[in-house]
Structures are given as C-alpha cells and as structure tokens.
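**Q** Turn this into a model:
(one chain, ligands or ions: 1)
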Amino acid sequence: MSLPTVAQFPVARPRRLRQSAALRRLVCETHLHASQLVLPLFVRSGRKLRQPIGAMPGVFQLSPDELVREASQALAAGVPAVLLFGIPEAKDARASGAYAKNGIVQQAVRLLKKELPNLLIVTDVCLCEYMAHGHCGIVHPDQLGAKILNDPTLKLLARAAVSHAEAGADMVAPSDMMDGRVRAIRAALDRSGFTETPIMSYAAKFASAFYGPFREAAESTPKFGDRRSYQMDAANANEALREVALDIAEGADIVMVKPALAYLDILQRVKAEFGYPTAAYAVSGEYSMVKAAAANGWIDERAVTLESLLAMRRAGADILITYAATSVAKWLAEK
Ligand code: PBG
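**A** Model prediction:
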C-alpha cells in the first residue's frame, strides 16, 4: 500500500488525534487481547515440585499436580491455551519417552484434560528432550562427526504426535525442523482417526542463541555440535518463506515464526504472503533479557513486555506464545 500525501502541515497535524486517551483509543490500529496468548509450560514427574529455572525467573519445571495449578491460574486470568514440554526421567538414542503411552507429556495431557476441560492443550512435538544426545533427530555417527538423519526421524515424530493426540491433545506443534515432518504427522494423525487435530508448525524456526535459557529449562542442550544442520540460518528471509510454503502444502493449519522480536520482518512477510493464522514465539532469551533488565531497575517490565507483544501483533502475528502470558493477561485486565 502506498500512502498518498493528502495534506501538508499546517492543514495536516497528526497530533490532533493524540490529544486524549479516548481519541488515541479510537484510532488505535492494533490490539492485544488475552485470547491471543499461549503459555509454554514444562512438566516432569514428581509431586508438589516447582523447580525454578535459573535463567528464567518465574518459570519452573512443574510436577503434574503443580502443572494443573499453574494452568488453571493462566486460564482464570484469560489465557486460553498452554504449550507443553516434557522432561523425561530417562533419555535414550530413540527418544522413546517422546512417544511412550505413559510418557510425561501424555500423562500431563490426560490430567489437564480431566481437571481443566476448557483449556486448549497444545503439545510441542520434538525429540531433543528425549534423546540422550540432545538433538532433534536420530544421530548417525560418521567420519565427519555425526549426521542428523532426516527420514528415519519422521516416523518417531509422527508416533509422538499420535501419542499426544491419543492422550487428548487439542493441537500438536512440531518444532524439530526435519524436512517433511508436517506431511508425516498429518498422514499419521489421519490414519489414526485424528483428522480434526490441527497442526501448528514451527515453520520458520531459526538456529538462535535466544534459545539458551530454554535448554536449561528443558534439559535439551545438544551434547555435541549445534542445530544448524536443521534449524534455519538467521541471515535468510526468502528461505523462511519457502519453509512456510512447504509446511502449508504439507498440511500445517497454523504457521509459526520463532524467535519473534528479532524476526519481525519474517513475521510480516509470512502474514502478507500466505494470510494463514500466524504465531510468534517470544522465546526464552527474549523473556530472560526483559526479566534481567527489569530486575536491575533498567526497564519497566510490564511496559516493555506489552510493547514487544504489540509489535509482534503489528507485524502480523495472530497468536502470541510467551512465558509471560499469565502476567500479560492480568495486566490487560487492569488496563
Ligand atoms: C525444541 C524446542 C526449542 C524451543 C522450543 N522447542 C529449543 C531448541 O530448538 O533448541 C525453544 C524455545 C525457547 O527458547 O523458548 N526443539
């Protein structure tokens, strides 16, 4: 859209519409609402466990009973959805905990469904938390070190997604960045009768240093190497559009850009190009930076958090995934 210059100063005075709160509200273009929020939560086995995550003040690894408490507080504040990550008791080379019938996420989903039937439950589908080596796919050792195998990994991801749906998940969210995983998951869900279970794909997921604190939270730091052979290079925007196009062609219902704040250009292009429901993931490092600066009294936590989320909305995000979701919902209710 090109903006015609319809008037010049002194006829045009943009400040006319900024004179009062009511006028400013009337011409406000972008709105934040609790219904747009998704709260990521970490679950591990135990009872009455709230294990703090050092780099993410206010975020905990929760036992299932505490998970229900945390989720019900979010729901009461107006947050409609949670995104679940599991920390298994044991890890192996096949990520068997990711698709075990009684895996930690599967248990948590069943419990949440029973206790909070109105909560929308989204599960992260990935293998890194369940793999002894911490990578998102099957590792094949070779002369060069190790290779993350694409196609054999797809079966495991599909099994994980189906096991989440069987437990009662309302939506699955693959975050591994293997090629073809949306297609494999869609086909497996359909074969198992879950034709109505939507897929929110981490479609443009970048290999990002902003995930640092998450890896402490999910205990999923790779034991060797990094994730650059499967996650995207931060330098690439056109490639992000191709990734999103592929996921849509494979059956993604919602597409995600991750991280959020440093990738607003990607968000804007994805929304403009495809017009699909689009999610922005304000990742762990984004959360931690705000918390750290606020703890020092350097910035206003509430104002900076709301402004950042508004920027994601302005860029095109419909859905905001943030560790601050419950606080944000409360702040919005006070406004
Ligand atoms: C799993 C996964 C990660 C995040 C979400 N799902 C970590 C990673 O890819 O290393 C990051 C979330 C965050 O930093 O808040 N693959």
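**Q** Can you show me the strands along the protein?
**A** Secondary structure of the chain (DSSP state E): strands at 37-44, 50-52, 60-62, 81-87, 120-125, 138-142, 145-149, 171-174, 200-205, 254-258, 278-282, 319-322.
**Q** Quick check: which ranges of this structure have low pLDDT?
**A** Applying pLDDT under 70 to the chain flags residues 1-5, 143-144.
**Q** Residue 189 is nearest to which of the strands of the chain?
**A** strand 171-174 (7.5 Å; Cβ to Cβ). (C-beta placed from N, C-alpha, C; glycine too.)
**Q** do the closest one and the ligand meet?
**A** No - Strand 171-174 lies out of reach of the ligand by Cβ under 6 Å from any ligand atom, never closer than 8.5 Å.
**Q** For the spatially closest residue to residue 234 that is not a sequence neighbour, name its beta-bridge partners.
**A** Once flanking residues are discounted, residue 234 sits nearest to residue 206: 5.2 Å by Cβ to Cβ, 6 or more residues apart in numbering. Taking DSSP bridges as the rule, residue 206 bridges to residue 232.
**Q** how near is residue 206 to the ligand?
**A** Note on residue 206: its distance to the ligand, by Cβ to the nearest ligand atom, to the nearest Å, is 9 Å.
**Q** Could you pick out the residues of the stretch 101-250 of the chain near the ligand for me?
**A** 124, 126, 128, 136, 175, 211, 214-215, 227.
**Q** Return the subset of those lying in helices.
**A** 214-215 (DSSP state H).
**Q** what would the residues of the stretch 101-250 of the chain next to the ligand look like in a markdown table with distance to residue 182 and neighbour count?
**A** Formatted as a markdown table, those follow (distance: Cβ to Cβ, whole Å; neighbours: other Cβ atoms under 10 Å):
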| residue | distance to residue 182 | neighbour count |
| --- | --- | --- |
| 124 | 14 | 22 |
| 126 | 13 | 27 |
| 128 | 18 | 24 |
| 136 | 14 | 26 |
| 175 | 12 | 22 |
| 211 | 21 | 22 |
| 214 | 22 | 24 |
| 215 | 24 | 16 |
| 227 | 18 | 21 |
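**Q** Span of stretch 50-70 from start to end?
**A** Taking Cα to Cα, to the nearest Å, the first and last residues of stretch 50-70 lie 10 Å apart.
**Q** who's in contact with it?
**A** Stretch 50-70 has contacts (Cβ atoms under 8 Å, 6 or more residues apart in numbering) with 41-49, 87, 107-108, 111-112, 115-116, 212-214, 216-217, 284, 287-288, 291, 295, 323, 326-327.
**Q** please redo it, this time with the cut-off set to 7 Å
**A** The contact list for stretch 50-70 (Cβ atoms under 7 Å, 6 or more residues apart in numbering) reads 41-49, 87, 107-108, 111-112, 115-116, 213, 216-217, 284, 287-288, 291, 323.
**Q** can you pull the contacts of the residue nearest to residue 234?
**A** Listed by Cβ under 7 Å, 6+ apart, the contact partners of residue 206 are 231-232, 234, 258-259, 263.
**Q** Could you do residue 233 as well?
**A** residue 207.
**Q** repeat that for 10 Å
**A** Residue 233 is in contact with 206-207, 239-240, counting by Cβ atoms under 10 Å, 6 or more residues apart in numbering.
**Q** Give the closest residue to the residue in the stretch 101-250 of the chain positioned nearest to the ligand in space, chain neighbours not counted.
**A** Using Cβ to the nearest ligand atom, the single residue of the stretch 101-250 of the chain nearest to the ligand is residue 214, 3.1 Å away. With sequence-adjacent residues excluded and distances taken as Cβ to Cβ, 6+ apart, residue 214 is closest to residue 284, at 3.8 Å.
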